[in-house]
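> I need the structure of the sequence given here:
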Amino acid sequence: QVQLVESGGGLVQPGGSLELLCKASGTVFSIGSMGWYRQTPGNEREMVALFMSGGSTKTAGFVKGRVTINRDFAQKTVTLEMKNLNPDDTGVYYCYADHIISMTDRDLTLWGRGTPVTVSS
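Residues are numbered from 1 along each chain as shown. Prediction:
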């Protein structure tokens, strides 16, 4: 069974940095897009950054210049480096992957359980 396992969330002071890691576990042959969404208090889930299978990336305007997304296709991981964090970045960050081909699935979309990020002094 394929799962997305996140790590790296936690408490950080305003202006600080944090790195999130997501790894796809299980027998995975390929993944389409892989990246991160977040849900901040009182808001809908929104895309933060995506790394496409072709190598291009998408980054939301509200984090542009403050995040870097990297992907290791062989290790099936995606990381999100965030810097200059502010309290508005507080929320739960979810790993996302689509068009997953595995031993049992031809076109699977998955979400991780989420990792909380709190930006506070």
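> Next, the residue nearest the centre of the chain: secondary structure please.
With distances taken as Cα atoms, centre = their mean, Trp36 lies nearest the centre of the chain, 2.6 Å away. When classified by DSSP: H, G, I helix; E, B strand; the rest coil, Trp36 comes out as strand.
> ok, now which ones touch it?
20, 22, 47-50, 69, 78, 80, 93-96 (Cβ atoms under 8 Å, 6 or more residues apart in numbering). Bear in mind the C-beta positions are built from the backbone N, C-alpha and C, glycine included.
> Which members of those are classed as buried?
Neighbour counting with 16 or more other Cβ atoms under 10 Å marks 20, 22, 48-50, 69, 78, 80, 93-96 as buried within those.
> Serialize the residues you listed to CSV and add fields for pLDDT, secondary structure and distance to Thr109.
Listed next are these as CSV, based on pLDDT from 0 to 100; DSSP: H, G, I helix; E, B strand; the rest coil; distance: Cβ to Cβ, whole Å:
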residue, pLDDT, secondary structure, distance to Thr109
Leu20, 98, strand, 19
Cys22, 98, strand, 14
Val48, 98, strand, 17
Ala49, 98, strand, 17
Leu50, 98, strand, 13
Ile69, 98, strand, 18
Val78, 98, strand, 15
Leu80, 98, strand, 19
Tyr93, 98, strand, 17
Tyr94, 98, strand, 12
Cys95, 98, strand, 12
Tyr96, 98, strand, 8
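> just those residues now: which is nearest Gly112?
Comparing the buried ones among the contacts of Trp36 against Gly112 with Cβ to Cβ places Cys95 closest, at 3.6 Å.
> for stretch 31-39, what is the average pLDDT?
Stretch 31-39 carries an average pLDDT of 98.
> which parts of it are buried?
Along stretch 31-39, these residues count as buried under the neighbour rule (16+ other Cβ under 10 Å): 31-38.
> do the same with stretch 67-82
So, applying 16+ other Cβ under 10 Å, buried residues of stretch 67-82: 67, 69, 71, 76-80, 82.
> Name the residues of stretch 83-95 that are buried.
Buried residues in stretch 83-95, defined by neighbour count with 16+ other Cβ under 10 Å: 85, 89-95.
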